[in-house]
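Trainee: kindly return the folded structure for what I paste below:
(one chain, ligands or ions: 2)
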Amino acid sequence: MRFTQLNEIELPAAFDAHVHLRDGEMSQLVTPTIRQGGVNQVYVMPNLVPPVTTVQQCLAYRDQLKAIEPNVDYLMSLYLHESITSEAIREAKKAGIMGVKSYPAGVTTNSSSGVIDYETFYPVFAEMEKQNMVLNLHGEVPSTPSHTHATKDATAITILNAEPAFLPTLKALHEKFPALRIILEHCSTAAALEAVRACGPAVAGTITAHHLSLIIDDWAGDPFCFCKPVAKTPEDRDALLNAVVTSKGRFFLGTDSAPHDQGKKRGEDKVAAGVFTQPNAVAYVLDALEKGVERGVVEEGDVTLEGLEGFFGGWGRAFYQVGDGRGEKVVLRKGAGRVVDVLEKDGLGVRVVPFRRGEETWSVEWK
Ligand code: NCD
Ligand code: ZN
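Mentor: Ligands and ions are numbered 1, 2, ... in the order given. As a prediction, the model looks like this:
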């Protein structure tokens, strides 16, 4: 296959291992766009307000999502929180909940009830390891408040080094719980990729669609490209592109599609972190790979059908130990799709501006 010569590609429907579907009106708006993006199975993030910290809440949330779009499989997660005990983990496992997401306190949208000290949760991680559950890490260290930092003492944490500074924690967790399946979510740096590769096969990383094309300059002036972790350097982006095509199972798609009403992006308040990619999830990745080949940073021969099938679904499903119950296929056609300018629906009071609004991309047809 010569990837850049292809105008049409058939793939198994994708598994998106990191989605924010929200609740209320926002979930009504965005959940129906999952299949539009070429995806039929998702791993759902629990950072609602309040966060999803109980099994009952989590199952009720899954039912709400199913009622909106029944033709998607929703794999569910709990929000790591001091109220989560070993017993809650056992209960969650019995209820079919797949994993637990850890947000460091205050680093991103809806993370105010997040983790301050990982060691506090060691008994919970030990139980998760025993129960064969997945630990999903938002791998960033909270920033040093600018008014408290003394340059002579230590390196301040900023949004640029927040992920590299987290990597020793990943290593420590993996060493302490070698059989615990851990995912370093939304890897955004070459250093993060290296850290995942340096661990055993119990550790994997997800890669978003937008981190495959964005760099710092893109989000600095554009709220619709701003997310956590922020996009980094061109070298980091190119390392991510290469990780997609040479991952052999260690990296797979997790879009971190994170919708915010446009008023939260361009209002008078602080800019909300999150890039919305759900309706064109697979297409954005194909576009980014094509650009990578054109720029000469991705070897065209490295882009294989097997690799794409793995990144978009096979490897994520294998890591989560789930099948693709639906066995559906999608056909993507180059240049035959267009990203909407704004996602909106009659009767709903929220509007979301998607990544690369108005641009041409691949279309998706379900077979
Ligand atoms: C996410 C959100 O909006 O919920 N935002 C983001 O920038 N990625 C939270 C998260 O996953 O960090
Ligand atoms: Zn996320």
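Trainee: who's in contact with the helix or strand of the chain with the lowest mean pLDDT?
Mentor: Least confident helix or strand of the chain, by mean pLDDT, DSSP states H and E, is helix 262-266 with a mean of 94. Identification of contacts with helix 262-266 by Cβ atoms under 8 Å, 6 or more residues apart in numbering yields P223, F224, F226, V271, A272, V342, R351, V352, V353. Heads up, the C-betas are built off the backbone N, CA and C, glycines and all.
Trainee: hmm, try it at 6 Å
Mentor: P223, A272, R351, V353 (Cβ atoms under 6 Å, 6 or more residues apart in numbering).
Trainee: thinking the last one is in contact with F224, fair?
Mentor: When you say that, I think you mean V353. Yes. Using Cβ atoms under 6 Å, V353 is in contact with F224, at 5.2 Å.
Trainee: pick the one among the contacts of helix 262-266 closest to G205.
Mentor: Distances from G205 to the contacts of helix 262-266, taken as Cβ to Cβ, are shortest for A272 (24.5 Å).
Trainee: quick one: buried residues of stretch 12-25?
Mentor: By 16 or more other Cβ atoms under 10 Å, the buried positions in stretch 12-25 come out as P12, A13, A14, F15, D16, A17, H18, V19, H20, L21, R22.
Trainee: so what sits opposite the fifth one in the bridge?
Mentor: Here D16 sits in beta bridges with V42, going by DSSP bridges.
Trainee: go back to the contacts of helix 262-266 and keep what's next to ligand 1.
Mentor: For ligand 1, no contacts are drawn from the contacts of helix 262-266 by Cβ under 6 Å from any ligand atom.
Trainee: report the buried members of these.
Mentor: Buried among the contacts of helix 262-266 (16+ other Cβ under 10 Å): P223, A272, V353.
Trainee: can I get those residues in a markdown table including secondary structure?
Mentor: Listed next are these as a markdown table, based on DSSP: H, G, I helix; E, B strand; the rest coil:
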| residue | secondary structure |
| --- | --- |
| P223 | helix |
| A272 | coil |
| V353 | coil |
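Trainee: just the strands in the stretch 251-367 of the chain please.
Mentor: 251-253, 329-338, 360-366 (DSSP state E, counting those that start in this stretch).
Trainee: ok, the residue nearest the centre of the chain - contacts?
Mentor: Nearest to the mean C-alpha position of the chain, by Cα atoms, centre = their mean, lies D256 at 3.1 Å. By Cβ under 6 Å, 6+ apart, the residues touching D256 are H18, H186, T208.
Trainee: and what of L80?
Mentor: L80 makes contacts with V100, S102, V115, as judged by Cβ under 6 Å, 6+ apart.
Trainee: likewise V303?
Mentor: Shown in contact with V303 (Cβ under 6 Å, 6+ apart): F3, V245, L289.
Trainee: these two touch, right, the second one and E300?
Mentor: No. Here V245 lies out of contact with E300, judged by Cβ under 6 Å, at a distance of 9.6 Å.
Trainee: who has more neighbours, these two?
Mentor: V245 (23 against 17; other Cβ atoms under 10 Å).
Trainee: need the three-state assignment for that one.
Mentor: helix.
Trainee: ok, the closest residue to V52 other than its chain neighbours to ligand 1 distance?
Mentor: Nearest non-adjacent residue to V52, counting by Cβ to Cβ, 6 or more residues apart in numbering: P46, 3.6 Å away. Distance, P46 to ligand 1, by Cβ to the nearest ligand atom, to the nearest Å: 10 Å.
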